[in-house]
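Colleague: Got a sequence here, can you build the structure:
(one chain, ligands or ions: 1)
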Amino acid sequence: MALLEIRGLSVDIATPAGVVPILEGIDLDLDRGRSLGLVGESGCGKSMTALAVMGLMPRGARVSGTIRFDGEDLVGMSERTLCKLRGNRIAMVFQEPMTALNPVRTIGAQVAEPLRLHRGLSRAEAEAEAVRLLDRVGLPPARFSPTLYPQQLSGGQRQRVVVAGAIACGPDLLIADEPTTALDVTIQAQILDLLCDLVDGEGMALMLITHDLGVVAEATDEMLVMYAGRVAEAGSTADVFARMAHPYTRGLFAAMPQAAGTAPGPAGRRLPTIPGVVPDPAARPAACAFADRCPRVQDDCRSLRPPLVPVGTGHRAACLHPHAMHAPEFPR
Ligand SMILES: Nc1ncnc2c1ncn2[C@@H]1O[C@H](COP(=O)(O)OP(=O)(O)OP(=O)(O)O)[C@@H](O)[C@H]1O
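Modeller: Residues are numbered from 1 along each chain as shown. The predicted model follows:
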């Protein structure tokens, strides 16, 4: 059994306008020492999937399905038990480091905190360990005293502090929600390298949430493309990139600057985009949710919900008219 095994995860939220389906039947597996990219446009349900694993659901949410972590179902688990897992065996890194860091506490104290909380270390022991962790994430003590405050660091350095705090207790699973979106590309690559090192070197499982297929290609073993609260395509990252079956995945790929050949490009060249927007959950079609934006749409797409079916070994797509099994013919 995989470390994280999600089956039929659905989340509905009661809103003043009625109950809206946010996630519908998400299945995924993630093992130790592996990384999984969750990709899709804004509003597709990536963060909600992560928050469901953390047991951090908004008011009015109803969760069904199972989220097995190391064999135990997190759905319906008591808050007390979840608190023992969070920040300890399951940790999370968010997009904006300043929201995760307290501006009036030193970085050493903040990295030490989970060690005191979950491991029962004394202040002195935890702070000594914090120095080692800061060094581990590329903030050596000779230059980065644990007595510094977050605002004395750059954005990339702050994100390293957040990662140090997240890995302090040696989590089995790290969930990183857009961890590099707020950073420039060089720093982004460094943070991704750091996360990949933790997967390869320490056997951690990584769930990496991003809207950027380039990041998925670079940093993940497996990927799950989400669209409108459902899984559109899933498989090993290498397979999905080699044989993109879902028109949505191809649309995301074509919109990447590298894929479109626009960076650097002749003046005036425009990046292809997917027309339209992700449907609001309250108005999501019962049949294929991508039909209105799909270049391959046919009549049955508007009446039938495409099941997630195998399109290759360990590669699945939810499309009634998937692309044939060959590499995409996008301009280079
Ligand atoms: N508390 C809430 N009440 C009602 N709807 C919500 C709530 N939180 C999120 N949603 C809706 O759930 C859907 C999925 O949101 P989610 O944040 O998971 O998307 P996402 O793919 O992570 O997007 P982004 O990349 O912008 O973070 C969106 O349509 C969002 O508006």
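Colleague: Touching stretch 128-144 from outside, list them.
Modeller: The contact list for stretch 128-144, computed with CB atoms under 8 Å, 6 or more residues apart in numbering, reads 107-109, 111-112, 115, 121, 146, 153, 157, 160-161, 163-165, 167-168, 190, 194. C-beta coordinates here come from the backbone N, C-alpha and C atoms, glycine included.
Colleague: Got phi/psi on the closest residue to the ligand within the stretch 51-200 of the chain?
Modeller: When distances are taken as CB to the nearest ligand atom, the stretch 51-200 of the chain approaches the ligand most closely through Pro58, which lies 3.5 Å from it. For Pro58, the backbone dihedrals are phi -70, psi 160 (criterion: degrees, to the nearest 10).
Colleague: before we move on, what about Leu28?
Modeller: Here Leu28 shows phi and psi, under degrees, to the nearest 10, equal to phi -160, psi 160.
Colleague: hang on, it packs against Leu4?
Modeller: Yes: taking CB atoms under 8 Å as the definition, Leu28 is a contact partner of Leu4 at 7.4 Å.
Colleague: related to what we said a few turns ago, now do the same contact list for the residue of the stretch 51-200 of the chain closest to the ligand.
Modeller: With contacts defined as CB under 8 Å, 6+ apart, the neighbours of Pro58 are Ile13.
Colleague: Which element is encountered next along the chain beyond the helix or strand of the chain with the lowest mean pLDDT?
Modeller: Of all regular secondary-structure elements in the chain, judged by mean pLDDT, DSSP states H and E, the least confident is helix 257-260 with a mean of 64. Stepping forward along the backbone from helix 257-260, the first helix or strand reached (DSSP states H and E) is strand 309-312.
Colleague: List the neighbouring strands of that following strand plus their orientation.
Modeller: strand 315-317 (antiparallel) (DSSP bridges).
Colleague: Now tell me what touches the partner strand from outside.
Modeller: With CB under 8 Å, 6+ apart as the test, strand 315-317 has contacts from 231-236, 239-240, 243, 245-246, 249, 308-311.
Colleague: Separate out the buried members of those residues.
Modeller: For the contacts of strand 315-317, a burial check counting by 16 or more other CB atoms under 10 Å picks out 231-236, 239-240, 243, 245-246, 249, 308, 311.
Colleague: Who has more neighbours out of Leu28 and Leu4?
Modeller: Set Leu28 next to Leu4 and count neighbours by other CB atoms under 10 Å: Leu4 wins out with 24 against 21.
Colleague: gap between the more buried one and the ligand?
Modeller: The span separating Leu4 from the ligand equals 17 Å under the rule CB to the nearest ligand atom, to the nearest Å.
Colleague: just checking, that residue touches Arg32?
Modeller: No: using CB under 8 Å as the test, Leu4 is too far from Arg32 to be in contact (9.5 Å).
Colleague: shared neighbours, the two?
Modeller: By the contact definition CB under 8 Å, 6+ apart, Leu4 and Arg32 are jointly contacted by Ala205.
Colleague: show me the contacts for the closest residue to the ligand within the stretch 201-332 of the chain.
Modeller: Closest residue of the stretch 201-332 of the chain to the ligand, CB to the nearest ligand atom: Pro281 (4.8 Å). Listed by CB under 8 Å, 6+ apart, the contact partners of Pro281 are 20-22, 228-229.
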